[in-house]
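Asker: Dropping the sequence and predicted coords here.
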Amino acid sequence: MSAAVEVTSPADLVGTDFGPHDVVVEAGLLQLFTKVVGLSDPLHHDPRAAAAAGNPGLLVPPTYLFGLERRHPEVPRIIGRLGIDIGSVLHGEQTFRYHAPAYSGDVLTFRPRFADYYEKKGGALRFLVRDTTVDRAGEPVAELRNVLVVRAAGGPA
């Protein structure tokens, strides 16, 4: 029998650092992603084209880092600590700022932090803001911001 998860207020978690998590950018998964989202630039899915352009691997498209960040084991644990029903979560916003390109074969370190929490519509909509830095061997690659909107029970759809 597993221990009960203690539900925490989102406001109490603001400033929480999730800790670093390394992810290898796998070429096969990157190729699948580019196919699914319809990216036609061969630098994202053709190793020969990437090599001919002088790249060390397939070029990672901007939004792909958000998918890699979700592999961080603390992200679902925090959602669980908040007692959030994943069916009540909406994608609110995402932004990214790149400092350097990323490629297949890279080992990227993700460092998410619970940056902010606020409510609207009398608490019917709760906004969870997560900021993440991404680096490769200590060199900055990107800064990500993800805003999740959680609908309270009986709140607006």
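Answerer: Happy to help now that I have it.
Asker: got the buried residues for stretch 9-16?
Answerer: Neighbour-count burial for stretch 9-16 flags Pro10, Thr16 (criterion: 16 or more other C-beta atoms under 10 Å). (Glycine included, C-beta is placed from N, CA and C.)
Asker: Now that stretch: average pLDDT?
Answerer: For stretch 9-16, the per-residue pLDDT values average out at 83.
Asker: and what of stretch 145-157?
Answerer: Here the mean pLDDT over stretch 145-157 is 75, rounded to a whole number.
Asker: The closest residue to Thr95 other than its chain neighbours: what's it in contact with?
Answerer: What sits nearest to Thr95 in space, not counting adjacent residues and going by C-beta to C-beta, 6 or more residues apart in numbering, is Arg145, at 4.6 Å. With contact set as C-beta atoms under 8 Å, 6 or more residues apart in numbering, Arg145 has these partners: Glu93, Gln94, Thr95, Phe96, Ala115, Val129, Arg130, Asp131, Thr132.
Asker: Try it again at 10 Å.
Answerer: Residues near Arg145 by C-beta atoms under 10 Å, 6 or more residues apart in numbering: Phe66, Glu93, Gln94, Thr95, Phe96, Arg97, Ala115, Asp116, Val129, Arg130, Asp131, Thr132.
Asker: What is the burial count for Ala137?
Answerer: Residues within reach of Ala137, counting by other C-beta atoms under 10 Å, total 9.
Asker: Quick check: it vs Val60, distance?
Answerer: 16 Å (C-beta to C-beta, to the nearest Å).
Asker: helices or strands up against the lowest-mean-pLDDT helix or strand in the chain?
Answerer: Of all helical and strand segments in the chain, the minimum by mean pLDDT, DSSP states H and E falls on helix 74-81, at a mean of 77. Helices and strands touching helix 74-81, as assessed by 3 or more C-beta pairs under 10 Å, 6 or more residues apart in numbering; DSSP states H and E, comprise helix 10-13, strand 107-120, strand 125-136, strand 139-151.
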